[in-house]
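In: Quick one: sequence plus predicted model below, questions after.
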Amino acid sequence: MAKEANSKNTGDSFVFQTLNVSREGPVLFVEISAPPINLLGPELVRDLVALIQRAEADETIQVLVFKSADPDYFISHVDVTRIKEYRNEAAKLTGEASIGLMFRYLSASRLVTIAQIEGRVRAAGSEFVLACDMRFAARESAIFCQFEPAFGQIPGGGAAQHLTRLMGRSRALEVLLSAEDYDAELAERYGWINRAIRLPRSFMPTASTSTLSLCINVAVSTRARTRGADPSSGNTSIGVWQFLMKSRDTLYRNSG
């Protein structure tokens, strides 16, 4: 069971069973802790739904940074023994029993989402990080895979659409049809992630690299400068933010 979030930093609304949450200003650092291998089951889906809802309702929160409490597993896949249960939990966010729609909802959220990836992130786990706006992975330990086609299944949570856009048709087909593991360096070359980062044994709970810190700081400062401002004012930050958000929203409207 995840440790309770420090109420001094997060408030009682951010205490969950499978998520450890800490706050630094407008940024929530969310540590996934669903042992033994971080399966995406009903408890984790329930907590993610509650986290997203509560974070969106708080205008002072602007960024979510996800990481894992287990250096060997980020999210390994869904719990295939409890499919109906986790789908029912996802429906509380989107109105439909689909984790694919939950991921899409996260992608279209006003919140900027960043995944700090260590360990294995496969199938639905990969689709979760693909739904995040940015992905940074530990060069030494991160392993990516979409293994569903090996069992005659098509990834249903957005992997086919995301990977095709990120890496092109040929490489997306390679990833999906091979069902092989891809390390962080190859994932970076293919466009699966923003960057593979060489780190000590694990990421720190907060932004521990200059790249990650820069992304968080830019997201926070740009969002702060654009809130409530007039788009016709000529403010470059407003234009950049609106362009990025419009481009992201258009991508998901057209994803089918």
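Out: Arrived safely, thanks for sending. These figures come from a predicted structure and were not determined experimentally. Numbering: from 1, shown residues only.

In: Please count neighbours and contacts with C-alpha atoms only from this point.
Out: OK.

In: Now stretch 79-96: buried residues?
Out: Residues of stretch 79-96 classed as buried by neighbour count (16 or more other Cα atoms under 10 Å): 83, 85-94.

In: So which of those are in strands?
Out: Among the buried residues of stretch 79-96, no member is found in strands (DSSP state E).

In: Now do stretch 76-87: everything it contacts.
Out: Defining contact as Cα atoms under 8 Å, 6 or more residues apart in numbering, one finds that stretch 76-87 is touched by 37-43, 45-46, 97-99, 120-125.

In: Now the phi/psi pair for the residue nearest to residue 112 when sequence neighbours are not counted, please.
Out: The spatial neighbour of residue 112 that comes closest, neighbours along the chain excluded (Cα to Cα, 6 or more residues apart in numbering), is residue 63 at 4.7 Å. Note on residue 63: its backbone torsions stand at phi -140, psi 140 [degrees, to the nearest 10].

In: Count residues in the vicinity of residue 63, would you?
Out: If you count neighbours by other Cα atoms under 10 Å, residue 63 ends up with 23.

In: do the same with the one 3 residues further on
Out: Using other Cα under 10 Å, residue 66 is surrounded by 23 other residues.

In: Spit out the contact partners of it.
Out: Residue 66 touches 29-32, 113-116, counting by Cα under 8 Å, 6+ apart.

In: Kindly recompute the last result at 10 Å.
Out: Residues near residue 66 by Cα atoms under 10 Å, 6 or more residues apart in numbering: 19-21, 28-32, 74, 113-117, 129, 132, 135, 205.

In: One more: residue 70?
Out: For residue 70, the contact set (Cα under 10 Å, 6+ apart) comprises 31-38, 118-120, 202.

In: run the last query once more with 8 Å
Out: By Cα under 8 Å, 6+ apart, the contact list for residue 70 reads 33, 37-38, 118-119.

In: now swap in residue 98 and tell me
Out: By Cα under 8 Å, 6+ apart, the residues touching residue 98 are 87-88, 90-91.
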